[in-house]
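Student: let me see the structure of the following:
(one chain, ligands or ions: 1)
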Amino acid sequence: MTEEKIMLKLKNINKSFQDLTVLKNLDLEINQGEICCLLGPSGSGKTTLFRIAAGLEKADSGEVIKKNDPRFAYVFQSPRLLPWKNAEENLTFVQKNYGLESEKSLRDLLFRLAKLENFKAAYPDELSGGMQQRLELIRAFAVKPDLVFLDEPFKSLDMKTRMNLRKLITVIQAETGITLFLITHDPEEALLLADRIYIMAAEKQGIIKEIKIEKARERRKISDPELYQHLENIMEIFSDLVSDLEDAGAEIKRLF
Ligand SMILES: Nc1ncnc2c1ncn2[C@@H]1O[C@H](COP(=O)(O)OP(=O)(O)OP(=O)(O)O)[C@@H](O)[C@H]1O
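Tutor: Next up, the predicted model:
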């Protein structure tokens, strides 16, 4: 990767919790304008790495190098909307916090894209889960960020809502070129969205594979030979990680 295009670089990161080493000598780069996914099973260190990259937690050692002091925004698993402010006020609040002028035309556009234009005056608890997550998402974009950190933003949503949110993200990203760093444990999601996927495994205390996907996002289907091959490879990696379980069969039988 050429140095000019790198937005965020993690170099030789180490992180342990008491005697549990979660990240060991980890390197990672995120290019400007790309969607980068961290993919891995539960406990593989995704959140830990993500929090270090986002500046929300300190590594024990190593460097986090940012280019040109980028503006970060965050989207969390469950929306962190302010319940006492209506939908529009949730956006104006963060815009003000980030020192932006009242960007009404940007808000209007985002509300329209998220199909929430008729709900600007609604309070978060008057919105469905999917609508709240859409609002959470456009709130992050409302601050004109350089890099958005998304921590499994679709985790508790149904399939249709997930598909709509994915679409919303790709449309906004295509128009703005904002860099996205996304955690997911869903290989299909990663393959449909990402330019670059880092696969993590607890057994290896970090990243075990990097996959780059060249195919244009809007033309991707999981049944495309290229994506399907990646999916099979990812499944293979994950099944290798649980191969010990196969050996445990006899023991399980004996003890039950
Ligand atoms: N603050 C902490 N104190 C002690 N152990 C922690 C702490 N945070 C994370 N861990 C441990 O570090 C390991 C990695 O956790 P992490 O949350 O980064 O994984 P993850 O891949 O994000 O998992 P999930 O998909 O379940 O969120 C786990 O074994 C977890 O129990």
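
Student: who's in contact with the closest residue to the ligand within the stretch 51-200 of the chain?
Tutor: Going by C-beta to the nearest ligand atom, the ligand is nearest to His185 of the stretch 51-200 of the chain, at 5.5 Å. Using the backbone N, CA and C atoms, a C-beta is placed for each residue, glycine as well. By C-beta atoms under 8 Å, 6 or more residues apart in numbering, the residues touching His185 are 39-42, 46, 152.

Student: in CSV: the residues you listed, plus neighbour count and distance to Ala250.
Tutor: Below are these laid out as CSV (neighbours: other C-beta atoms under 10 Å; distance: C-beta to C-beta, whole Å):
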residue, neighbour count, distance to Ala250
Leu39, 26, 32
Gly40, 27, 29
Pro41, 15, 25
Ser42, 8, 26
Lys46, 22, 33
Glu152, 20, 36
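
Student: export those residues to TSV and tack on secondary structure, pLDDT and distance to Val171?
Tutor: Formatted as TSV, those follow (DSSP: H, G, I helix; E, B strand; the rest coil; pLDDT from 0 to 100; distance: C-beta to C-beta, whole Å):
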residue	secondary structure	pLDDT	distance to Val171
Leu39	strand	93	22
Gly40	coil	89	27
Pro41	coil	85	30
Ser42	coil	85	30
Lys46	helix	91	25
Glu152	coil	88	20
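
Student: also near the ligand: which of these, exactly?
Tutor: 40, 42, 46 (C-beta under 6 Å from any ligand atom).

Student: and the second one, backbone torsions?
Tutor: The main-chain torsion angles of Ser42 are listed as degrees, to the nearest 10 and equal phi -60, psi 140.

Student: ditto for Tyr74
Tutor: Main-chain dihedrals, Tyr74, degrees, to the nearest 10: phi -130, psi 140.

Student: excluding sequence neighbours, find me the nearest residue to it.
Tutor: In space, and not counting its chain neighbours, Tyr74 is closest to Phe149: 5.0 Å by C-beta to C-beta, 6 or more residues apart in numbering.

Student: in what helix or strand does Lys167 lie?
Tutor: Using DSSP states H and E, Lys167 maps to helix 159-176.

Student: next SSE downstream of that helix?
Tutor: The helix or strand immediately downstream of helix 159-176 is strand 179-184, counting by DSSP H and E.

Student: close to the ligand, is the following helix or strand past that next one?
Tutor: As assigned by DSSP H and E, the chain's next helix or strand after strand 179-184 is helix 187-193. No - for helix 187-193, no contact with the ligand is found by C-beta under 6 Å from any ligand atom; the gap never falls below 13.2 Å.
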